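Undergrad: A predicted structure for the sequence below; I have some questions about it.
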2 protein chains.
Amino acid sequence: MDITKPYLLFLGDAPDQLAVKTAAGIVDWRRDWCVGQHRLPGCKADVGLQDLSIMDARALGARTMIIGVVNAGGVLPDSWIGAIVEALNAGLDVASGLHMRLKEVPAIAEAAEANGRQLFDARHPPQRFATGKGTKRSGMRLLTVGTDCSVGKKYTALALETAMRNRGYDADFRATGQTGVFISGRGAAVDAVVADFISGAAEWISPEADDPRHWDVVEGQGSLFHPSFAGVTLGLLHGSQPDAFVVCHEPTRTTMRGVSHPLPSIQEVIDLTIQCGKLTNPAIRCIGIAINTSALDEAAAQAMLADVGEAHGLPACDPVRFGVEPIVDRLHKEFGTS
Amino acid sequence: MDITKPYLLFLGDAPDQLAVKTAAGIVDWRRDWCVGQHRLPGCKADVGLQDLSIMDARALGARTMIIGVVNAGGVLPDSWIGAIVEALNAGLDVASGLHMRLKEVPAIAEAAEANGRQLFDARHPPQRFATGKGTKRSGMRLLTVGTDCSVGKKYTALALETAMRNRGYDADFRATGQTGVFISGRGAAVDAVVADFISGAAEWISPEADDPRHWDVVEGQGSLFHPSFAGVTLGLLHGSQPDAFVVCHEPTRTTMRGVSHPLPSIQEVIDLTIQCGKLTNPAIRCIGIAINTSALDEAAAQAMLADVGEAHGLPACDPVRFGVEPIVDRLHKEFGTS
């Protein structure tokens, strides 16, 4: 089920940098896993890796070509098929986060079959999940939650993983979305599983740990207050049974993403997360707040973080700008060393 | 998308009455839609309809044969294929609630194609849902919720539909599970949709009403307190944006179905349903409690209903034993006439 490393990142004929957000996320967090990037003529994006032909990437040890570019509508354009078939013929697996399955393209399915290669579709997890059981599992878990979608839950979880490892914690980022799956080499897009199995998928993503001091740092999805996706968020909360959670927030957002509902307050998110999370972990508690302060100058950002932190009695930080050390300090204080 | 009526109910070679629960539910609530039952040799079940050959059923006007029997594991046994193909050849559509899709059996797919007939899989809704928008829709909505799974949410919704219609309300049962889909002739199994689209499916199931006084009576699923399925329940609550809800409860249950968690109290369910339901309908309120009193004698049952009703300031009734009139009285008092 794991994606074999190292990766060659396929950028296709991306029209701009935004289209290669997936590849850029992988480079941000797992540059060591990447041997290079492969671009088609006309590509206007660059993730800062060396440009490689597929054969050169293979010679440098690449094992999987990741489709690091999205196309409008999630379909796979004909212009990419040649490179994907070439990668399979060269002995690489291919992984994609598109809505469309790789094997739906006959030439790709045939090349994978002929070469005995794996096709990995992050949005179509091949495993059958069980329904969630809600039973306490060994190990510690931290979940990032949010006042909305797209407020930095993945980034915060990855920053926490890094900071916790630097402090000696045995911590693993656990992916619940497609980009996260490539960054962790494992996981499943929980929003793509059948509704009955959301919490079961979350239990699979963050399994029992051999070491009771091991931390899973689970990437959150959506918001308990988002009218489109709250069901996914609740199933993920129940399945991941977090001991600790961090609330992520984007202060310039006035309505929830894609709908006209106002954002909940940070306190409302803390309260409802504890109320619902208690079902599978009665000891659940909030240990920090992560705020995107990019709209403010540095002094204003520091002042806001201080104010929000004081108001909630919690460390508040901007993971991108100032790091997450204050949250790791709080985790250390509440749960002890690794 | 609707299932064409009237129905011929296929009971197959059911080993016992429990295996034909789906057919029995259809007969309980939509006997008028059923021309008869079709049984194979060895069938040990009977839903009280006349036994018909497929050709006789067709002559009596049947338009769809419903697979009203479940098989362990949800697969379609070879012994049923002949009758299904015969029904398609006779010009009937075929509808199933099995996990396995009808078209996965080549002989069935070919017969449907050759005869231009529809195959309807309630667990695999053919439509693509949008994500939920949470926008207020015209019309009134009532949702049944529960302290657990399998506590009478479908039965209570159907009993309310009947009682409301008898009082002159324009009310429609809205199905969210497979048996309910056959009973309503429309709907989708929300637990079978992709997680991102739970609330969107619920919005489709209970669409904008032309008449603002029209009531949708929506079949609930799961429980906000069930660690396996709460995500489905929350998405359904947000998507159906109920004005009113009824809590269903089974007082002899000590742990949640399939897991080891204790049942929540009725009050906890009322409180969390209001707290979460407010997101898409700030006016949400509880109008009654439905309790399965079958373990008690009549005097004890009446006493329990009186006690529970008084404790919560709400009408409490046993829909199967004593009907739901007190809840319709309350609905009338709170929301006026039809």
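TA: Cool, the structure landed.

Undergrad: so which bits of chain A are right by chain B?
TA: Within reach of chain B by C-beta under 8 Å from any C-beta of the partner chain, chain A has these residues: A:131-135, A:190-196, A:198-200, A:224-225, A:227-236, A:238-239, A:258-261, A:272, A:275-276, A:279-280. Heads up, the C-betas are built off the backbone N, CA and C, glycines and all.

Undergrad: list only buried entries from those residues.
TA: Using 16 or more other C-beta atoms under 10 Å in any protein chain shown as the burial test, the residues of chain A next to chain B include A:131-134, A:190-196, A:198-200, A:224-225, A:227-236, A:238-239, A:258-259, A:261, A:272, A:275-276, A:279-280 as buried.

Undergrad: give me the domain ranges for chain A.
TA: Here the domain assignment for chain A is A:7-121, A:140-335, based on automatic domain parsing.

Undergrad: how about TSV for the ones you listed, with mean pLDDT added?
TA: Formatted as TSV, the domains of chain A follow (pLDDT from 0 to 100):
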stretch	mean pLDDT
domain A:7-121	95
domain A:140-335	96
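
Undergrad: please identify the most buried of these.
TA: Across those, the average number of neighbours (mean count of other C-beta atoms under 10 Å in any protein chain shown) peaks for domain A:140-335, which reaches a mean of 21.

Undergrad: distance from the chain centre to that one, please.
TA: Relative to its chain's centre, domain A:140-335 lies at 11 Å (C-alpha atoms, centre = their mean, to the nearest Å).

Undergrad: let me see the ranges of the strands in chain A.
TA: A:7-12, A:34-39, A:64-67, A:93-96, A:119-121, A:140-146, A:171-174, A:215-218, A:244-249, A:285-291, A:316-317 (DSSP state E).

Undergrad: nearest to B:Gly152, out of those strands?
TA: Checking these against B:Gly152 by C-beta to C-beta gives strand A:140-146 as the closest, at 33.2 Å.

Undergrad: neighbouring strands of that closest one in the sheet, and parallel or not?
TA: strand A:215-218 (parallel), strand A:244-249 (parallel) (DSSP bridges).

Undergrad: determine which of those strands approaches B:Arg58 most closely.
TA: Across the strands paired with strand A:140-146, closest to B:Arg58 is strand A:215-218 (C-beta to C-beta), at 55.2 Å.

Undergrad: which residues does the closest one contact?
TA: Contacting residues not belonging to strand A:215-218 are listed as A:139-144, A:157-158, A:160-161, A:164, A:169-174, A:176, A:202, A:205-206, A:209, A:236, A:240, A:242, A:338 [C-beta atoms under 8 Å, 6 or more residues apart in numbering or on different chains].

Undergrad: let's have the strands paired with strand A:140-146 in a markdown table, adding distance to B:Leu331.
TA: As requested, those are exported to a markdown table (distance: least, C-beta to C-beta, whole Å):
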| stretch | distance to B:Leu331 |
| --- | --- |
| strand A:215-218 | 42 |
| strand A:244-249 | 39 |
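
Undergrad: which residues of chain A fall in helices?
TA: Per DSSP state H, chain A carries helices over the ranges A:21-30, A:54-59, A:78-89, A:106-115, A:153-166, A:178-184, A:198-205, A:230-240, A:266-277, A:298-312, A:319-322, A:325-335.

Undergrad: okay, the ones you listed in CSV with distance to A:Asp13 next?
TA: Listed next are the helices of chain A as CSV, based on distance: least, C-beta to C-beta, whole Å:
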stretch, distance to A:Asp13
helix A:21-30, 13
helix A:54-59, 15
helix A:78-89, 6
helix A:106-115, 17
helix A:153-166, 26
helix A:178-184, 20
helix A:198-205, 33
helix A:230-240, 32
helix A:266-277, 40
helix A:298-312, 38
helix A:319-322, 29
helix A:325-335, 40
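
Undergrad: which one in chain A is furthest away from the centre?
TA: Going by C-alpha atoms, centre = their mean, the residue of chain A most distant from its centre is A:Ala114, 32.2 Å out.

Undergrad: who's in contact with it?
TA: A:Leu88, A:Asn89.

Undergrad: equivalent analysis for A:Ala316, please.
TA: A:Gly288, A:Ile289, A:Ala290, A:Ile291, A:Leu305, A:Ala306, A:Val308, A:Gly309, A:Pro326.

Undergrad: cool, A:Asp191 as well?
TA: A:Gly177, A:Gln221, A:Gly222, A:Phe229, A:Val232, B:Val194, B:Ala195, B:Asp196.

Undergrad: try 6 Å this time
TA: A:Val232, B:Ala195, B:Asp196 (C-beta atoms under 6 Å, 6 or more residues apart in numbering or on different chains).

Undergrad: roughly how far apart are it and A:Thr233?
TA: A:Asp191 sits 10 Å away from A:Thr233, going by C-beta to C-beta, to the nearest Å.

Undergrad: residue of the stretch 1-150 of chain A with the smallest distance to chain B?
TA: Chain B sits closest to A:Gly134 of the stretch 1-150 of chain A, with a gap of 2.8 Å, by C-beta to the nearest C-beta.

Undergrad: hang on, isn't that residue packed against A:Lys278?
TA: No - the pair formed by A:Gly134 and A:Lys278 falls short of the contact definition of C-beta atoms under 6 Å, at 11.5 Å.
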